[in-house]
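turn this into a structure:
(chains A, B and C)
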Amino acid sequence: MEVKTSFNDSDMPPLLRIDKLVKRYDRRNLSGAREVLFALDGASFAVARGTTLAIVGESGSGKSTLAFCISCLEQPTSGSIWFEGTDIIGLAESDRRQVRPQIQLIFQDPSNSLNPRWSVEEILLEPLALQGKLTREGMKQRAVTLMVQVGLSPGMFGRLPAQLSGGQRQRLAIARALALEPKLLILDEALSALDCSVQAQIANLLMELQRNLGMTYLFITHDLAMAAHLADEIAVMNRGRIVEQGPAQRVLQHPTEEITKNLISAMPSFDSAARPPLES
Amino acid sequence: MRFFLRRLSHALFVLAGVSILTFLFTTLAPGNYFDEMRLNPQIAPESLAALRAQYQLDRPLPIRYASWVNSVLHGEMGFSFAYNSPVAPILFVRARNTLLLTITATLLAWGIALPLGIWSAERFGRLPDRLLSWATAALLVVPDLALALGLLVLAVRTGWFPTGGMTSLDFASLPLGGKLRDLALHMTLPVVALVLSALPLLIRHVRAAVAEVLDAPFMLAAKGHGIPRRTLLYRYALRAAANPLISLFGFSIGALLSGSLLIEVVMSWPGLGPLLLESILSRDLYVVIGGVLLSTLFLVSGNFLADILLYWADPRIRTESGVR
Amino acid sequence: MGQTGLSMVPILEVQDLHVSYSTLGGASYSALAGVSFQLMPKEILGVLGESGSGKSTLATSLLSLLPSNGKISRGSVLFEGKDILRMSTGELQQIRGKHISLVYQEPSVALHPTIRAGEQIYRVLAAHDSAPKSTLRSKTRHVLASLFPEEADRISNSYPHQLSGGQRQRVLIAQAIACGPSLLIADEPTASLDSTTQREIVGVFRTLRDELGYAMIFITHNPALLAGFADRLLVLYSGRVAELGPARTVLSSPKHPYTRALFQSMPKTLEDNGITRKTRLPVISGDSSAAPIPSEGCVFEPRCPERMEDCRKREPVPVNLGGSHTVSCFKYGG
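Numbers count the residues shown, from 1 in each chain, chains lettered A, B, ... in the order given. Next comes the predicted model:
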């Protein structure tokens, strides 16, 4: 089955292409019997450069496993992950080390992914130091640039993550991810834990970064409304497979799968005169 | 099931290993039982050689080990030169006495440490808790030996307690009630010494484990449901703090065992301690091995018990993987 | 008015509640300042609040469950006429779980990790009912069956880590309704769930309210959850009531600048044919939890897009707009 995006007709190949990805877990349950779980069961999709693909699904559909496999944190059982034309699954470790910085992952809960004992500055300097390309001065400069890029004041360098608000922590996580100049940013429920008004701020930031830096996003979420706002394409995931994919508008207004229809009807929403009028 | 079998095989492995190592070290150590006799000019060297041959001291090591294992399987555990009898009966009597002391001390120590630790955790950081912390720190600093000797001094000065031994001379003639009382009196000081040496560690750990749990969201939620205070502390908090405490329990058995060896010697309690000491000094080979092995058995059983308790207490260990 | 009966007497009356926390350094910061509202029997009040609004403080102070560094400096919480804040520990223990129940936040940590779900519900019953064990056990089964029509027994024997997020949340709800309370307080009960499960849980609350007739305070940061569910809506900002009124009114035509700005910042869904897709969302500048609270004047003033001169000088008081809709904003008088 050919994996398509609606951008196939452009001359650029997709930045990321997943082909029949399978991730199987073998476990033992209580009575010692073997249990097999297919977190990913032949998932396939593609993301065009500079666009946002939203992957929506309920919990247990395999969205997070997908994120871990693509960012090389987990080894898939079979299938292929084509990143910039190379299958990164078959790569040797030394080559994979080149690819890893180009794919970054932002988690749902920044308090879990930021070391609580490190200051903001140390958190930002860590990836730069590992990269080893810049001098100490150069690294500090870059850290300042990153802070400004995500809308944080460099005056916060000395603070600990616990002293930041949820939105600020998430901005910091984004800044850290940007430090390695990635091409692909995977956002695994990155907005879900934030307040509604803060979600809007971070969403705006993400869109701005995409415009300025040409970032490609894989936006994994169960919030269809935010996906509808941010994504160029939407892919619906269920039980480890992509069941439907297409331009955002099309999927939302003319869904073909039952799952998609259920997700759309489960979307909480309300009419309000306070919302921006349709014509602006 | 798999869990138990694995733990059981670990235990057996440890026991086998200990027996080999002990055998090795004691036989390789210079000298043997009959060296003392060599100093006696009245005993001819030939008699000594004959004795040594009789007790197989001349055979190569693996053969001696094999015949010792054979003896163990027959329930004799080798032969004691000093007592001139199979090792097993001697050991078991002493072991019983040691166990009496250790089990009582374990129960008593935990019986005091749990409520005190919980009480302290409830008042974490406040004056009563800090006073208890200082007291336990002070107790921790005092060496077991000093404790035991101090108690003996107390016994001598006040005459309330006997100053050693397990039973009085007229034990056999006492009625049952009298026998129990006599035993209890003799046990008191060694048990007190053991309990005092173990308490500081236990109290501190109970306090820390419970304090950590008291702040947990599920405790606040339970309080919000109107669960009464006693249930909150003893059912909810303790069960949540059980993991580290059960591991500590396994460890405390080992600690109390080794502590008991010293205290038995000081207080003349006829347990494994004095037996081991005298048999090491006199090179009574098989008694030493038997004693060490028995102590190891107790230790391993204690930890095995702790493992079982842990398995029973924490369902998360039972299910190897959680859901989502 | 000429009506008689329960419907005219509020089941809960919060008057001028002031709560503050003291930090290690000795300083104190105010979490709630002057919160007042009433709750009628069987009514669902939605409390809309983001981080820093004081919503969790509200939930815990209604049952006097504040941590040791929290202090209620002023105000009263009248439940059926009696002030909860002045009750003894014994009286509080009687009320909690039996007359007023709290559905705690974060189901993954609100349940005891090594006690089976069924027993955790049983304990709540046992704390308030001295009936024999068999009676309590059958009550437990009954409660579980109402929340898990199909797999009540399996859930009863399961440990929390064996249950999904939605199932854990239902167990929390079961604990809360077990003794038949007349008031249920839910603090972000759907925060960590996916949207389908969120909708399910809201449905569960609604069904149970119809069956059991309790009043409810539903605290959330997501206004969309309250649509079609809450009877009245209270908007909390920085420890103060910004707006309070019938849910439909507040949702469709909010009056307070904060409420309006909040609704504006949410992405529109399907109706607009994708016209606003990928456009910049209108946001409230700054950060509610990190913003310094001005010592005088309206708390929202530093971020308010419609601020005026007066806003910096004094704090607004609730202004009645009619139809039991009040706003605390100078734009409407006061």
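
quick check: C:Ile44 vs chain B, distance?
20 Å (C-beta to the nearest C-beta, to the nearest Å). Where you see a C-beta, it was placed from the backbone N, CA and C, and this is true even at glycine.

bridged to that residue, which residues?
C:Met216 (DSSP bridges).

and what of A:Leu37?
A:Tyr25.

residues near it, how many?
The local packing of A:Leu37 (other C-beta atoms under 10 Å in any protein chain shown) involves 14 other residues.

again with C:Val9
Neighbours of C:Val9 using other C-beta under 10 Å come to 13.

that one and C:Pro318: what is the separation?
Plainly put, C:Val9 is 22 Å away from C:Pro318 if you go by C-beta to C-beta, to the nearest Å.

so where's chain C shaky on pLDDT?
Scanning chain C for pLDDT under 70 picks out C:1-7, C:269-276, C:287-293, C:334.

name the residue closest to the centre of it, please.
C:Ile219 (2.6 Å; C-alpha atoms, centre = their mean).

quick check: phi and psi on it?
phi -100, psi 130 (degrees, to the nearest 10).

ok, the one 10 residues further on next?
For C:Phe229, the backbone dihedrals are phi -130, psi -50 (criterion: degrees, to the nearest 10).

pretty sure the residue nearest to the centre of chain C sits against C:Ala59.
Yes: judged on C-beta atoms under 8 Å, C:Ile219 makes contact with C:Ala59 at a distance of 5.9 Å.

need the overlap of contacts for these two.
C:Ile185, C:Asp187 (C-beta atoms under 8 Å, 6 or more residues apart in numbering or on different chains).

does the closest residue to C:Lys71 other than its chain neighbours sit in a helix, a strand or a coil?
Distance criterion C-beta to C-beta, 6 or more residues apart in numbering or on different chains; nearest residue to C:Lys71, sequence neighbours excluded, is C:Ser20 at 5.5 Å. Secondary structure for C:Ser20, judged by DSSP: H, G, I helix; E, B strand; the rest coil, is strand.

and C:Leu233, what does it touch?
C:Leu233 sits in contact with C:Leu45, C:Gly46, C:Val47, C:Leu48, C:Leu226, C:Glu243, C:Leu244, C:Gly245, C:Pro246, C:Ala247, C:Val250, C:Leu251, where contact means C-beta under 8 Å, 6+ apart.

which among those residues count as buried?
Buried residues within the contacts of C:Leu233, defined by neighbour count using 16 or more other C-beta atoms under 10 Å in any protein chain shown: C:Leu45, C:Gly46, C:Val47, C:Leu48, C:Leu226, C:Glu243, C:Leu244, C:Gly245, C:Ala247, C:Val250, C:Leu251.

look up how far B:Asp307 lies from the residue of the stretch 1-150 of chain A at minimum distance from chain B.
Using C-beta to the nearest C-beta, the closest approach of the stretch 1-150 of chain A to chain B is made by A:Arg27 at 5.0 Å. The gap separating A:Arg27 from B:Asp307 is 22 Å, by C-beta to C-beta.

out of the two, which sits in the busier spot?
B:Asp307 (21 against 12).

which SSE is B:Pro89 in?
Counting by DSSP states H and E, the element that carries B:Pro89 is helix B:87-122.

do that helix and chain C meet at all?
No: applying C-beta under 8 Å from any C-beta of the partner chain, one finds helix B:87-122 separated from chain C by no less than 11.4 Å.

now the following helix or strand past that helix: average pLDDT?
Sequence order places helix B:127-141 as the next helix or strand after helix B:87-122, per DSSP H and E. The predicted model gives helix B:127-141 an average pLDDT of 92.

not counting helix B:127-141 itself, show me its contacts.
B:Leu116, B:Trp119, B:Ser120, B:Ala121, B:Arg123, B:Leu196, B:Leu199, B:Pro200, B:Leu201, B:Ile203, B:Arg204, B:Arg207.

check which helices and strands the helix holding B:Pro89 sits against.
Using 3 or more C-beta pairs under 8 Å, 6 or more residues apart in numbering or on different chains; DSSP states H and E, the elements in contact with helix B:87-122 are strand B:79-80, helix B:127-141, helix B:176-214, helix B:242-266, helix B:272-281, helix B:285-313.

buried ones in that helix?
B:87-88, B:90-91, B:94-95, B:97-102, B:104-106, B:108-110, B:113-114, B:116-122.

rewinding a little: which among the contacts of C:Leu233 gets closest to A:Gln141?
Of all those, A:Gln141 sits closest to C:Leu48, with 42.5 Å by C-beta to C-beta.

wait, a strand at the closest one?
Yes: the assignment for C:Leu48 is a strand, going by three-state DSSP.

right, and it touches C:Tyr237 too?
No: counting by C-beta under 8 Å, C:Leu48 stays clear of C:Tyr237, with 9.2 Å between them.

ok, B:Gly224 to C:Ser192 distance?
Distance, B:Gly224 to C:Ser192, by C-beta to C-beta: 19 Å.

which of the two has more residues huddled nearby?
B:Gly224 (25 against 21).

give me the nearest residue to the more buried one, chain neighbours excluded.
C:Leu102 (4.2 Å).

do A:Phe107 as well
According to C-beta to C-beta, 6+ apart, the nearest residue to A:Phe107 is A:Ser113 (4.5 Å).

what residues does the longest helix along chain A touch?
In terms of residue count, the longest helix belonging to chain A (DSSP state H) is helix A:196-213. Residues from elsewhere that reach helix A:196-213, judged by C-beta under 8 Å, 6+ apart: A:50, A:52, A:149-151, A:165-167, A:170-171, A:174, A:178, A:187, A:190-191, A:194, A:215-217, A:226, A:229-230, C:50-51, C:221-223, C:261-262, C:265-267, C:278, C:280-284, C:287-288.

from those, which land in strands?
A:Thr52, A:Leu187, A:Thr216, A:Tyr217 (DSSP state E).

and the stretch 51-200 of chain C, which residues reach chain B?
So far as C-beta under 8 Å from any C-beta goes, the stretch 51-200 of chain C lies against chain B at C:60, C:63, C:65, C:92-98, C:101-102, C:104-106, C:109-115, C:123-124, C:127-128, C:159, C:161-165, C:172, C:175-176.

among these, which ones are in strands?
Those of these lying in strands (DSSP E): C:Ser101, C:Leu102.

buried only: go through the residues of the stretch 51-200 of chain C next to chain B for me.
Going by neighbour count (16+ other C-beta under 10 Å), those have C:60, C:63, C:65, C:92-93, C:95-98, C:101-102, C:104-106, C:109-115, C:123-124, C:127-128, C:159, C:161-163, C:165, C:172, C:175-176 buried.

returning to that earlier point: residues in contact with the residue nearest to B:Gly224?
B:Ala221, B:Gly224, B:His225, C:Ala59, C:Thr60, C:Leu63, C:Leu65, C:Arg96, C:Ala176, C:Ile185, C:Ala186, C:Asp187.

between the residues you listed, which is closest to B:Ile317?
B:Ala221 (23.5 Å).

which residues touch that closest one?
C:Leu102, C:Tyr104, C:Ala110, C:Leu111, C:Leu172.

in helices only, show me those.
Those of those lying in helices (DSSP H): C:Ala110, C:Leu172.

return the distance of the closest residue to A:Gly42 other than its chain neighbours relative to A:Arg96.
Excluding its sequence neighbours, the residue lying closest to A:Gly42 (C-beta to C-beta, 6+ apart) is A:Lys20, at 4.7 Å. Using C-beta to C-beta, A:Lys20 is found at 20 Å from A:Arg96.

those two: which is more packed in?
Taking other C-beta under 10 Å, A:Lys20 and A:Arg96 do not tie; A:Lys20 has more neighbours (16 against 13).

am I right that the more buried one sits in a strand?
Yes: applying three-state DSSP, one finds A:Lys20 inside a strand.

any idea of the pLDDT on it?
89.

isn't it up against A:Phe45?
No: between A:Lys20 and A:Phe45 there is no contact under C-beta under 8 Å: 10.7 Å.

need the contact list for the closest residue to chain A within the stretch 101-250 of chain B.
With C-beta to the nearest C-beta, the shortest gap between the stretch 101-250 of chain B and chain A falls at B:Pro217, namely 15.0 Å. Contacts for B:Pro217 (C-beta under 8 Å, 6+ apart) come out as C:Tyr104, C:Gln105, C:Glu106, C:Val109, C:Ala110.
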